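Chemist: everything below, folded, please.
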Amino acid sequence: FYGTIPHDVGIRKLPVLNSSKDIAVKASLLESLQDIKLAMTLITREAEQAPDTPLPVDRLVSNIGIDIHVLPERSAEYRMVSLYYHRGTSENPTYGQGQPPRIRAVFRIQRWGDVERFEPYRAKRHEWITCAITGTRRPHNLLLWHGTRAENMVGILAQGLRPTPGEAVATGSMFGGGIYSADCAAKALNYAGPL
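Modeler: Numbers count the residues shown, from 1 in each chain. Reported below is the predicted structural model:
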């Protein structure tokens, strides 16, 4: 590990990684470095291409493999996201950093190939399911929030949400490895880091 990722410890000995907490911190570092490497690869590829689109950011988005559109504030999709966001921040005091940030823009992002990957599950979108505990019925689909740090965004946009390894117990992995989401925005904001 130390041979692959240099650490500046001066004249002191390198610390031994002998606890799951130490290993989780280093696993989180590796994950961040992996996302930074991906971002740098995409930026480098973007810089090497001929300027065939008006803005460099458009070439970067193309290299990631996504379509991204800013939603008009009057669109039904924008209003739905805004309503859920405000309900999930004003009615749920779980956001621990003062007043939640205001919405500056809402984007519709479509990763290339996702429509085809999700096609087998499309029919279930309109099914209803019954809660085993309460017996209440609700639609099979939910609007969920995922909070993440800014440095993770390029990796998420390029490769989708990836489960953390089970052995990497870090912030946001209370129940082990997996992809975490919340039904209210305030909870997800706690994992987004400083805004």
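
Chemist: from here on, contacts and neighbour counts on C-alpha atoms
Modeler: OK.

Chemist: list the contacts for the residue nearest to the spatial centre of the chain?
Modeler: In the chain, the residue lying closest to the centroid (CA atoms, centre = their mean) is Thr148, at 4.9 Å. Contacts for Thr148 (CA atoms under 8 Å, 6 or more residues apart in numbering) come out as 188-189, 191-193.

Chemist: quick one: pLDDT of it?
Modeler: According to the prediction, Thr148 has pLDDT 86.

Chemist: how near is it to Lys187?
Modeler: For Thr148, the distance to Lys187 equals 11 Å [CA to CA, to the nearest Å].

Chemist: pLDDT check: weakest of the contacts of Thr148?
Modeler: Ranked by pLDDT, these bottom out at Gly193 (73).

Chemist: and the strands in this protein?
Modeler: Under the criterion DSSP state E, strands of the chain are mapped to 66-70, 107-111, 128-130, 137-139.

Chemist: pull the number of nearby residues for Ser19.
Modeler: Burial measure for Ser19: 8 neighbouring residues, criterion other CA atoms under 10 Å.

Chemist: repeat that for Gln34.
Modeler: 14.

Chemist: could we number from 761 for the rest of this?
Modeler: Sure thing, new numbering starts at 761, so read that last one as Gln794.
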